[in-house]
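Undergrad: sequence and predicted structure below; questions after.
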Amino acid sequence: MKAESVVTIKKELQHRSHDELMQLCLRLARFKKENKELLTYLLFEGHNEEDYINSIKAEIDEQFDNINTASYFYIKKSVRKILRIIKKYARYSLKKETEAELLIYFCEKLQAFSPSIKHNVTLTNIYNRQITTIKKLVSSFHEDLQYDFNMKLNTLDKP
């Protein structure tokens with residue numbers, strides 16, 4: 001089966017009743033965890049971005065606490081997993097400020113992590129890549145926001 005374009009789906013949804021739309025959304029939520037997470041964000045958390053960011057930060061803290069520090073191999077796997085989670089949640093929000101704030105928090109946690117990431121090239125590269133991504137995001141913000149985020153970025157030094 002070939003999936004239709006978003007434009008075609010939008011036109012078709014305009015011809016559906018309220019009850020049919022609700023049933024379609026509920027059915028869509030049943031099939032994939034990401035669909036359910038996105039609907040949860042849109043319905044319950046989208047109106048208060050600050051609480052959403054704080055809940056993600058709490059999850060990041062929990063993930064960092066659960067990292068197996070037996071070897072750098074396990075640390076790298078866990079750090080990549082945390083980064084995937086951050087990217088997924090930032091995609092739900094569609095706000096670049098949220099993504100930048102989460103990535104800055106990730107870099108702060110990674111920098112303070114023990115054992116130090118300075119002793120592993122891959123972890124250092126992940127860290128530097130995120131700093132570059134943050135700088136790219138911040139450059140598209142309003143001047144006042146740029147200043148605030150650049151102040152946060154300046155506290156993060158090179159590992």
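TA: Everything's here; your move. Just so you know, these numbers come straight off a predicted model, no measurement behind them.

Undergrad: can you list the residues that contact the longest helix anywhere in the chain?
TA: For the chain, the longest helix by residue count, based on DSSP state H, is helix 72-93. Helix 72-93 is contacted from outside by 34, 37-38, 41-42, 46, 49, 52, 56, 59-60, 63-64, 66-69, 98-99, 102-103, 106, 110, 113, 115, 119-120, 122-123, 126, 130, using C-beta atoms under 8 Å, 6 or more residues apart in numbering. C-beta coordinates here come from the backbone N, C-alpha and C atoms, glycine included.

Undergrad: tell me which of those residues fall in helices.
TA: 34, 37-38, 49, 52, 56, 59-60, 63-64, 98-99, 102-103, 106, 110, 122-123, 126, 130.

Undergrad: out of the contacts of helix 72-93, which are buried?
TA: Buried members of the contacts of helix 72-93, counted by 16 or more other C-beta atoms under 10 Å: 38, 41, 52, 56, 60, 63-64, 67, 98-99, 102-103, 106, 110, 113, 120, 123, 126, 130.

Undergrad: what angle sits between the longest helix of the chain and helix 33-40?
TA: Put simply, helix 72-93 runs at 50 degrees to helix 33-40, going by axes from the mean of the first three to the mean of the last three C-alpha atoms, to 10 degrees.

Undergrad: any buried residues in helix 72-93, and which?
TA: 72, 75-76, 78-79, 82-83, 85-86, 89-90, 92-93.

Undergrad: report the distance from that helix to the chain centre.
TA: Put simply, helix 72-93 sits 8 Å off its chain's centre (C-alpha atoms, centre = their mean, to the nearest Å).

Undergrad: could you give the mean pLDDT of that helix?
TA: Mean per-residue pLDDT for helix 72-93: 95.

Undergrad: any idea how far the closest residue to K109 other than its chain neighbours lies from Q23?
TA: Once flanking residues are discounted, K109 sits nearest to F64: 5.2 Å by C-beta to C-beta, 6 or more residues apart in numbering. Look at F64 and Q23: by C-beta to C-beta, to the nearest Å, they are 40 Å apart.

Undergrad: would you list the phi and psi of the nearest residue to S114 once chain neighbours are set aside?
TA: Sequence neighbours aside, T69 is the residue nearest to S114 in space, at 7.6 Å (criterion: C-beta to C-beta, 6+ apart). As for T69, its main-chain torsions (degrees, to the nearest 10) stand at phi -100, psi 20.
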